[in-house]
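Colleague: this one's structure only:
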């Protein structure tokens, strides 16, 4: 991990104002992304994964959302403090995104060619024909057969997997530094999922693109990611190298998650374990560890204060009172 | 594509057939003939009249005769306006109604879309509140209240505009202003509300998020990605809007004394001028049906998801 | 300390309590201030029109030729008449004092007239009538006429809506549930009737039959009901088709529920939301249609009157007697406004898809 850090997220906070109260969807998230690294963000639905990533490129729908604090440093410039026209030069160009549902993420009224070339023309200053050639090349790379013909079609003429390939081709067409993939395979068939993940891995490795992969599937993370952030109720509870985290999960939540994955290499006959209870409602959370009601190792202090982050020698950081050096009151 | 158009065209025939048949029998079964108002017509004269209009024949023969004439484009003589054919009466008044209707629809669409866009982009700001309040007025207040109120304020009190009349009068084009505003108001209101709602919906859609994530300017996002999808529902609303405008024009023409088909329509209905009523219904229906047909085809061209098979 | 935890502060570990569709809808409707206001206004209109026979208002048909075209006022008709004469005297007196001696006999004549008017007013009990909203060209009380006009208009709206909903539900449910050829046939009919210029046909029907007096209102109902069920039939059919294959119907069928039971106990209650929304939005449109016909002179016939008739009468002479137009127009507009706000509110409240929208 000596490589250059290209994205540093520091204490990011994004809140949503609703009728019921303030939803602290992201509440103090920090992580670094190195050049060419693949970072996985794992968590249950509602844990703030997607909001984190929309916040990074400052695309939180406002109102009701608002980024209330923190910094996102991309090549030493704070994306959150950038004027709108500057950050637009970065979106789709240096940092691009793929979304969950390929069926709705492409504009049904415009041809694939229009949707692909507009990005290339905008960010790379190519002419129309050059941009189209580039788009065809990208589609070919993404494994679309007969791209010269397919490029003039509309999204509804593609299957779900094919559309996600188009999305990948589109998002990589400007050779971005970072690709943010928000559950890129959750809406696809299992057989297609593997193909799409392989494609992403292959293409980003070839182009040297760093990836932030948002997912709720630990299996996907294990196969794809160098490092891993586990999120719970809007915060990162554990962060570290994927192998290390899988080998020795520190946070009780991470432990629970890993135990709940079915494994072939463990003697059968054991019941698959699950984490009891429901994820908390993040409206007006009190100052406490939000995981304590579901935690087997909960202590009295967990109910009163959110734990500080403890760091380990292997670069791991965990937010749990079990590892805190702070004096227990 | 051509196959679809042809099939769609063929499906218009039964509708037209039903309209002609229905209105023919409806009118023949109505109590009170066209000549019942003319008191004490000598029996001989009445017989001659009946003979002249073929009303002494059996109903079936009358129907066949009428149908044949319609196919030749002849709507027959008017019962009431003795020396006029229905064709001539409609020919005289139709251009006026068409002018009024087309202008109103154009105004409603243009203003409605513009106001809808502004409202959606300024959601929950004063522009939005103003526009949507106006739209609620347009939807809630009937034409026949708006028209007289406009007359009361702008013609009688302020004396800016002529109370009634048509462009052939001395006041000229000024006579168009109030009828067009009155007639377009409810449709303007509907279109404004519709386009606002549908733009807001598209703005929330995933593909607009994708467009923003590509770094496109907000104006490009709106112009290129939002509007096309958002305004498609407006196209499909044009059919019903047009039919509403035709009915509405009956009242508006009555209020502002426009020499159009609508005004004749009410008179002929009260006079039981059978052939004239039928002629008008047939012409109106034909316009409506053709309009709906055109809207369907245009919609198909605009929405790439519709495949003609 | 520990009592604080697990409750009150947050819904930790607790399932959000299940809220029924109706409770949820009501909660959302209550938050919508305009819809609530609409509900109140509609309620007030309903109560006033229902209670019209026992309200202390004048008969809406009784004509008072001495009281024609009186403006809205809190004073009695008699004192308005006296005031009018007194005003004229003051005017004349000013002129006479200014040197117009020739007008003196005129002034004296009117002074004498004042006496006779006063005597008349004192003698005639009808002079004590107070017309809050003025009178029309036959000296009828506008307040009473507007209330009774509303009665007819609202009745048309309600009956029209009920017939439309009933026919629509039956046809739509049959078409949707049966599917196949029957569905095709019914929908073809709906398509053809849709193609008809609805208002024109109603106008023809009304024109042919409206002279028969009392039956005209029946014809009106028939004419409106004939064509009004189409939309609801389509909506119900669509809903039923999409629900037909839903798991819970499957479950009901597997437990041996018959077709009728499935339609009436499962499918229709599930489409009720859509039907309610449609009904509230179509009620004002029926009222508009009726008023539209009445405005053209093709609606209800005298002495009964709807809001449309009143507006139509008010248009004649609106320059001199604007209240004759404004009173019924305003009453009608307020009601339609309220209905539309209520309908919009209900649509937002009952549409489950709007649940999570901002």
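Modeller: Structure received. What you are looking at is a predicted structure, and each value in this text was computed from that prediction instead of being measured.
Colleague: make it CA atoms for all contacts and neighbour counts henceforth
Modeller: Will do.
Colleague: mind listing the strands for the stretch 1-150 of chain A?
Modeller: In the stretch 1-150 of chain A, the segments counted as strands under DSSP state E, counting those that start in this stretch are A:5-18, A:21-34, A:38-42, A:65-74, A:77-78, A:95-98.
Colleague: quick one: average pLDDT of the fifth one?
Modeller: On average, the pLDDT along strand A:77-78 is 86.
Colleague: now it, how far from the chain's geometric center?
Modeller: Centre-to-centre, strand A:77-78 and its host chain are 20 Å apart (Cα atoms, centre = their mean, to the nearest Å).
Colleague: partners of that strand in the sheet?
Modeller: Using DSSP bridges, the strands paired with strand A:77-78 are strand A:65-74 (antiparallel).
Colleague: and the angle for the partner strand with strand A:5-18?
Modeller: Angle, strand A:65-74 to strand A:5-18, by axes from the mean of the first three to the mean of the last three Cα atoms, to 10 degrees: 180 degrees.
Colleague: now strand A:65-74: buried residues?
Modeller: The neighbour-count check on strand A:65-74 (16 or more other Cα atoms under 10 Å in any protein chain shown) flags A:65, A:66, A:67, A:70, A:71, A:72, A:73, A:74 as buried.
Colleague: equivalent analysis for stretch C:106-123, please.
Modeller: C:107, C:110, C:111, C:114, C:117, C:118, C:121.
Colleague: tell me which of those residues fall in helices.
Modeller: Assigned to helices by DSSP state H, the following of the buried residues of stretch C:106-123 qualify: C:107, C:110, C:111, C:114, C:117, C:118, C:121.
Colleague: follow-up on the earlier one: out of the strands of the stretch 1-150 of chain A, which is closest to residue C:281?
Modeller: In terms of Cα to Cα, the element of those nearest to residue C:281 is strand A:5-18, at 29.6 Å.
Colleague: wait, what's in contact with the single nearest residue of the stretch 201-329 of chain A relative to chain B?
Modeller: Distances between the stretch 201-329 of chain A and chain B by Cα to the nearest Cα are smallest at residue A:212, namely 14.9 Å. For residue A:212, the contact set (Cα atoms under 8 Å, 6 or more residues apart in numbering or on different chains) comprises A:38, A:39, A:40, A:41, A:178, A:179, A:180, A:181.
Colleague: each with direction, which strands does the helix or strand hosting it pair with?
Modeller: Residue A:212 is part of strand A:210-215, with elements assigned from DSSP states H and E. Paired neighbours of strand A:210-215 in the sheet (DSSP bridges): strand A:38-42 (parallel), strand A:178-182 (parallel).
Colleague: sorry, back to before: between the strands of the stretch 1-150 of chain A, which one is nearest to residue A:288?
Modeller: strand A:21-34 (12.8 Å).
Colleague: residue 252: neighbouring residues, count only.
Modeller: No chain in the question, so chain A it is. Residue A:252 has 21 neighbours, counted by other Cα atoms under 10 Å in any protein chain shown.
Colleague: wrong one, chain B
Modeller: Residues near residue B:252, counting by other Cα under 10 Å, number 27.
Colleague: now it: closest residue in space that isn't a chain neighbour?
Modeller: In this structure, residue B:252 finds its nearest non-sequential neighbour in residue B:179, 6.2 Å apart by Cα to Cα, 6 or more residues apart in numbering or on different chains.
Colleague: could you pull up the contacting residues of the one you found?
Modeller: Counting by Cα under 8 Å, 6+ apart, residue B:179 makes contact with B:100, B:147, B:252, B:253, B:256.
Colleague: buried residues in the helix or strand harbouring it?
Modeller: Here residue B:179 sits within helix B:174-203, counting by DSSP H and E. For helix B:174-203, a neighbour-count test (16+ other Cα under 10 Å) marks B:174-176, B:178-200, B:202-203 as buried.
Colleague: the very next helix or strand once past it and chain A, are they touching?
Modeller: Next helix or strand after helix B:174-203 toward the C-terminus (DSSP H and E): helix B:206-213. Yes: contact of helix B:206-213 with chain A (Cα under 8 Å from any Cα of the partner chain) involves B:206, B:207, B:208, B:209, B:210, B:212, B:213.
Colleague: burial measure for residue 103, as a count.
Modeller: The chain I'm using is chain A. Counted with other Cα under 10 Å, residue A:103 comes out at 21.
Colleague: try again with chain B
Modeller: Neighbour count for residue B:103, taken as other Cα under 10 Å: 18.
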